[in-house]
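A.B. asks: need a 3D model of the sequence below.
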Amino acid sequence: MKTTITLSFFLLIITLALKAQPTKELMGNYSVGKENYGDSILVTHSQGIGEGNVYVVVENPAQLTNDAYEVFFKQQTYYRDENGNWIPIGEGKSRSGLDDPDTLTGSTIDIGAVYGPSAGVIEFRCHLNLVSPDFNWADGISMTFPPSLTIISAPEFEAGNGWVYPEIVGNTVNMGIVNGPPSGNGVFTGDEEWTIYTSSFTPPITIDWIIFDDGYSGGIVNAEGSTEIDSIGYAFKTQNEWNLKNLSTQDTVLKHQTVIMGYDIYTGEYVGDPIIEGFKISVDVTYDPPINFYDLELYSPSGLTVLTSNFNTTTLDIMNFTIYGVPTSKAIDGFGVGTNELDQLVRDYELRFTGVYDSTEINGQTVYYVSSGGQMATVFTMINFDALANHPLNPNPGIAEPFLLRIPFEVWNVGDPENPYQVNLTFRDRQRDGTENPFWAWNPTNRMYSVMVNSPYDPNQIIQVNNGPDPYNAAATWVTVHYGTNYHLDDMVTIVYRRQVEFGIDKFTFNTPPAAVAGEELFPESFKIFQNYPNPFNPVTTIKYSIPKMSKVRLTIFDMLGQEIIKLVNQEQPIGNYTVEFDASGFTSGVYFYQLKAGNFIETKKMILLK
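C.D. replies: Presented below is the predicted three-dimensional model:
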């Protein structure tokens with residue numbers, strides 16, 4: 001049985017205030033029963049378990065194709081030519097043809113060449129595109145170079161199912177099993193990259209290859225083909241990309257896309273989402289595994305999302321929810337706690353603020369402690385380990401040893417919504433030595449490090465967080481860094497780990513309707529305002545509404561306190577369907593409301609800008 005290991009990543013979303021200027025765009029109407037401008041098209045996550053979304057919206061109804069499409073992900077290698085341009089490495093051509101694919105016959109090898117590390121040496125970078133409708137993998141690969149070349153070396157490399165040790169036989173490089181019975185569980189699973197060094201040559205040249213079927217299912221049919229090298233570059237780079245394939249025509253209509261929700265992930269520039277064949281497509285995924293610093297989602301009891309950015313110490317006070325600074329997280333801190341085991345990091349947590357503070361005086365020091373609610377947690381160090389002896393709530397004064405202390409929030413593992421359970425937590429005080437006056441059990445003004453321990457909550461267990469044999473240590477996951485917290489009862493911080501998409505595995509598919517034919521103007525039967533699309537958006541979204549009769553129309557944006565921010569429309573408008581484009585580029589993120597007033601009709605909807 002074949003299995004796939006999926007990485008994950010830890011997501012932080014942030015929300016502040018919003019300002020923008022509108023751009024109005026009125027679109028034509030189309031015949032009844034056809035999609036109109038701004039209508040959404042259903043997208044399904046047809047393959048894979050990476051967490052993300054693809055949004056498709058009608059841009060030009062007259063250009064729709066009635067075809068099926070697929071978004072797929074790959075790593076693309078480029079070489080830099082003599083003019084400094086980055087060129088995709090040469091695409092392999094299969095001799096088997098794609099019109100009747102069987103087992104591996106749709107598979108190819110892309111190859112690029114650059115000048116090598118020393119004079120007279122050429123470096124070839126190779127990439128396997130494995131295609132198999134029968135879910136086969138490849139046992140081996142054989143690559144044959146022109147007789148005029150000398151193969152200098154072919155370093156070992158790691159494939160999807162183990163290490164490969166290439167063998168040079170004359171002008172051929174053999175990798176894996178290239179003769180003998182099929183294994184049924186091939187070493188090559190797709191998207192492998194490897195390097196071969198040869199003597200110099202004058203392009204163009206052709207490299208022939210065979211990809212050997214592992215015989216997992218169906219008939220044993222190898223893939224054979226060639227790749228032409230028509231130039232030599234000066235450097236390589238590899239990018240994470242998505243592509244859009246028209247499944248009806250088998251054409252890849254969008255290639256080498258590095259745009260995620262309108263932003264190029266390599267330049268950081270806002271370039272907008274691509275438009276193709278009558279629709280706009282927005283891809284929202286991540287390629288990153290869960291390491292280093294990531295982000296948190298913050299939710300208020302009112303249900304309105306309140307978000308901040310990393311290392312932001314600005315005070316937020318929005319409705320009934322206050323956060324000073326921001327929590328962030330990493331898997332392992334300087335004390336060696338936490339884990340990089342990906343199966344342990346795929347967790348969703350809730351920090352439920354249920355603690356009630358009271359105060360007392362201890363040796364002339366005012367101490368604010370959590371009198372009820374929250375949960376017990378292990379304090380394992382302060383500004384340094386010896387400072388624990390000075391902690392005013394230490395049950396053994398003068399002794400620098402970890403102890404239990406009630407903190408103002410509960411920690412719950414909510415990865416399985418049907419079976420949430422409370423877990424343990426340990427923490428250290430990054431800034432204080434215990435002598436501060438007043439002193440808070442949980443520091444509301446500066447840095448606290450808390451360690452999630454993914455074991456059922458035990459209020460009486462002092463949790464060990466060093467690298468010793470204690471079983472609780474093995475269950476430590478994320479170290480959450482709180483840059484100050486000031487909360488209200490029932491506030492909640494939700495920590496969401498988002499699985500990354502896998503190259504060659506995750507796919508999103510959708511079907512487009514047939515082209516709409518421009519016709520007589522449609523007459524809406526009622527006032528209506530639609531949900532803006534996309535939502536959340538960054539930084540442009542479209543608001544669509546319908547007017548069934550001549551009316552004075554006001555379309556207004558409000559902040560969360562009900563204050564008017566900007567009026568997008570304020571004029572008499574005749575019967576018809578309207579759209580307004582709202583451009584929020586250059587402004588901070590936030591939660592706002594848009595309201596349509598027309599005659600006696602009034603309706604309000606929420607929209608969110610996420611940068």
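A.B. asks: now for the closest residue to residue 111 other than its chain neighbours: which residues touch it?
C.D. replies: Among residues not flanking residue 111 along the chain, residue 227 sits closest, at 4.4 Å (CB to CB, 6 or more residues apart in numbering). No exception for glycine: its C-beta is placed from N, CA and C like everyone else's. By CB atoms under 8 Å, 6 or more residues apart in numbering, the contact list for residue 227 reads 90, 91, 92, 93, 108, 109, 110, 111, 206, 207, 209.
A.B. asks: so what's residue 227 bridging to?
C.D. replies: Residue 227 forms beta bridges with residue 207, as assigned by DSSP bridges.
A.B. asks: quick one: it from residue 464, how far?
C.D. replies: 56 Å (CB to CB, to the nearest Å).
A.B. asks: cool, residue 237 as well?
C.D. replies: 45 Å.
A.B. asks: more neighbours, these two?
C.D. replies: Neighbours were counted for residue 237 and for residue 464 using other CB atoms under 10 Å; residue 464 has more, 19 against 12.
A.B. asks: state the pLDDT value of the more buried one.
C.D. replies: pLDDT recorded at residue 464 is 76.
A.B. asks: so it: helix, strand or coil?
C.D. replies: The assignment at residue 464 comes out as coil when based on DSSP: H, G, I helix; E, B strand; the rest coil.
A.B. asks: coming back round to it: which of the contacts of residue 227 tops the neighbour count?
C.D. replies: Taking other CB under 10 Å to define a neighbour, the member of the contacts of residue 227 with the most is residue 109, carrying 28 neighbours.
A.B. asks: what's the helix or strand for it?
C.D. replies: strand 108-115 (DSSP states H and E).
A.B. asks: now that strand, how far from the chain's geometric center?
C.D. replies: Between the centre of strand 108-115 and the centre of its chain there are 29 Å (CA atoms, centre = their mean, to the nearest Å).
A.B. asks: convert the C-alpha atoms of the helix or strand just after it to CSV, please.
C.D. replies: On the C-terminal side of strand 108-115, the closest following helix or strand by DSSP H and E is strand 121-129. Taking Å, rounded to 0.1, in the frame of the first residue of the first chain, the C-alpha atoms of strand 121-129 are listed here in CSV:
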residue,chain,number,x,y,z
VAL,A,121,32.3,21.1,-17.0
ILE,A,122,28.6,21.4,-17.7
GLU,A,123,26.0,20.8,-14.9
PHE,A,124,22.7,19.2,-15.9
ARG,A,125,19.7,19.7,-13.6
CYS,A,126,17.0,17.1,-14.1
HIS,A,127,13.4,17.0,-12.9
LEU,A,128,10.9,14.0,-13.1
ASN,A,129,7.3,14.7,-14.0
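A.B. asks: Provide the strand pairings for strand 121-129, with the direction of each partner.
C.D. replies: Counting by DSSP bridges, the strands paired with strand 121-129 are strand 108-115 (antiparallel), strand 193-199 (antiparallel).
A.B. asks: so what touches the shortest one?
C.D. replies: Put plainly, it is strand 193-199. Residues outside strand 193-199 that contact it (CB under 8 Å, 6+ apart): 75, 77, 116, 120-128, 143, 145, 149-155, 157, 164, 166, 173, 175, 238.
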